[in-house]
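1. Have a look at this prediction, sequence included:
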Amino acid sequence: MGIAALLAISLDSTAVRGEAQKLEAALRVKFQAYTLRAADCGAAGDGQTDDTATLNLCIQTLPAYATLDGEGRDYRVSNLNLKSGMRFRNFRLIKAAGNANMTSPVTLDGRTESKADVLIENVEVEGRRTLETGLVTPSAEDGGRHCFRIVGRISNIVLDNVSGQNCATDGLQLGGQHATLSDEPEGLAVQNVVVRRSKFNGNRRVGIAFEGVHNAYFIDVEAKANGRTIAPGAERSQGAHCAHVDGYCFGTGVWTENDHDAAGGAFHDVYLVNITATANQTRAFYAYSNSGPLVAGFRAKSNLAILDSRLDAGFAPIAGNPMAIQFSSSSPDGAGAVYRGVTIERSDIAGTIGVRSLDGLTLGECRMASSTLGFAEYFDNVAVRGTTGEFLSSLWLRPDGTPGATVIYQ
């Protein structure tokens, strides 16, 4: 599609919401009326007793496409393991303090056996990050003590009205975990996810992290005040300290990264509608790729939209370039596009937009904090409509390294 055509297109958030509703409706119709109360399994639900073992046994014995209902009570747990074909609803989960990695109150683990058809509704997770110890970064998932840990081969998942706050790693970890060696959309590990009416705030690393995802919708979601140290005197291995590399706190609101030099960590068809990602340590949205066009099975990460949202450069903006949104890559200069087809529309952005190895960005009807929209290199087909300001670049080169990269303003 040419740049003139890009300028004419406005992505309708109502239509995006409709597609998400279709996915959710197709999943909900599969469930039977049978409901099992957590109390019937013997769970105390008093917020003091460790209910981990009791609830995990209850989950294992729950009939297919039935519901486990917590009746809105408080349950102290370390690591609950959900399974395919279940609804998990009306729980307030309090993380049992500890120093064990890969312990998340809500876990859906599809690394060895794929998981599908799971509804998670009205579930609150309080991570109590200040009580978590033994965290070392960088490490696998920076400890993997997320509020919601959904990893491996996963499909047809809905999180509706959930909250993941104050966890010692991420609010929501949604990742293929290097489960494929192809970036073709239908081959990615995580398929068909809807997250709506939810909050992921105050976590040690990021609010939402995703990798290897196709057809995902994040609608009416908060990812605020993540990645920050909340006790200045805390040791770096404690949950009260931020996640860090070389002493640098790097947490953000929404983060997508493949950290391995192989295909399988792409994203395709990802929509963020009415997202509030503010007051995080740095940036509202960050995309990074360690793979690129020279890697076998690579296909550019494509079709990502941020609509009707509020984003800023964070509590401690990157020095000299307060980016609210950044697309970055370690792919060699001139190797080709790593990202293709990004739309940002009708959003308030208190910060700049950083673009690298990206072909096709539409920025429409946005309210920016400064006349500098952002910085770009190895880019092409940037279209700006109804937005005041300009993109800067010291390298007017296309992703393949040839001269002639274009930005058109309308």
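-> Thanks, I have the structure now.
2. With the flanking residues excluded, which residue is spatially nearest to Ser198?
-> Distances taken as CB to CB, 6 or more residues apart in numbering place Val162 nearest to Ser198, at 4.7 Å, with adjacent residues excluded. All C-beta spots, glycine's among them, are computed from the backbone N, C-alpha and C.
3. can you pull the contacts of the one you found?
-> Ile120, Glu121, Asn122, Val123, Glu124, Val125, Phe148, Val195, Ser198, Lys199 (CB atoms under 8 Å, 6 or more residues apart in numbering).
4. Where does the first one fall, secondary structure wise?
-> The reference is to Ile120. Here Ile120, judged by DSSP states H and E, is contained in strand 106-126.
5. between whichever helix or strand comes after that strand and strand 106-126, how big is the angle?
-> Using DSSP H and E, the helix or strand that follows strand 106-126 in sequence is strand 148-160. Following axes from the mean of the first three to the mean of the last three CA atoms, to 10 degrees, one obtains 70 degrees for the angle between strand 148-160 and strand 106-126.
6. And for Ala296, the neighbour number?
-> 9 (other CB atoms under 10 Å).
7. That one and Ala263, how far apart?
-> Taking CB to CB, to the nearest Å as the measure, Ala296 falls 7 Å from Ala263.
8. re earlier: looking at the contacts of Val162, which one is closest to Gly134?
-> Distance to Gly134, by CB to CB, is smallest for Val125 among these, at 19.9 Å.
9. show me the contacts for the nearest residue to that closest one once chain neighbours are set aside.
-> Nearest non-adjacent residue to Val125, counting by CB to CB, 6+ apart: Cys147, 3.9 Å away. Applying CB under 8 Å, 6+ apart to Cys147 gives the contacts 95, 104-106, 125, 127, 164-165, 167, 170-172, 200, 203.
10. Kindly state the pLDDT recorded for Cys147?
-> You'll see Cys147 listed with a pLDDT of 98.
11. Parallel or antiparallel, which strands does the strand holding Ile120 pair with?
-> Based on DSSP bridges, the pairing partners of strand 106-126 within the sheet are strand 80-81 (parallel), strand 86-95 (parallel), strand 148-160 (parallel), strand 163-165 (parallel).
12. Can you lay out those as JSON lines showing distance to Thr402 and mean neighbour count?
-> Converted to JSON lines, the strands paired with strand 106-126 look like this (distance: least, CB to CB, whole Å; neighbours: other CB atoms under 10 Å):
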{"stretch": "strand 80-81", "distance to Thr402": "51", "mean neighbour count": "20"}
{"stretch": "strand 86-95", "distance to Thr402": "52", "mean neighbour count": "23"}
{"stretch": "strand 148-160", "distance to Thr402": "39", "mean neighbour count": "24"}
{"stretch": "strand 163-165", "distance to Thr402": "45", "mean neighbour count": "25"}
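13. Quick one, which of these gets closest to Leu363.
-> Taking the strands paired with strand 106-126 one by one with CB to CB, strand 148-160 is closest: 28.9 Å.
14. send the alpha carbons of that closest one over as CSV?
-> Once non-C-alpha atoms are left out, strand 148-160 reads as follows in CSV (Å, rounded to 0.1, in the frame of the first residue of the first chain):
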residue,chain,number,x,y,z
PHE,A,148,-0.5,-13.8,35.5
ARG,A,149,2.0,-16.1,33.8
ILE,A,150,0.7,-17.4,30.4
VAL,A,151,3.5,-19.0,28.5
GLY,A,152,4.2,-21.6,25.8
ARG,A,153,1.7,-22.7,23.2
ILE,A,154,-1.5,-21.0,24.1
SER,A,155,-4.8,-20.3,22.3
ASN,A,156,-8.2,-18.9,22.8
ILE,A,157,-7.7,-17.1,26.1
VAL,A,158,-9.8,-14.3,27.7
LEU,A,159,-8.9,-12.2,30.7
ASP,A,160,-11.9,-10.0,31.7
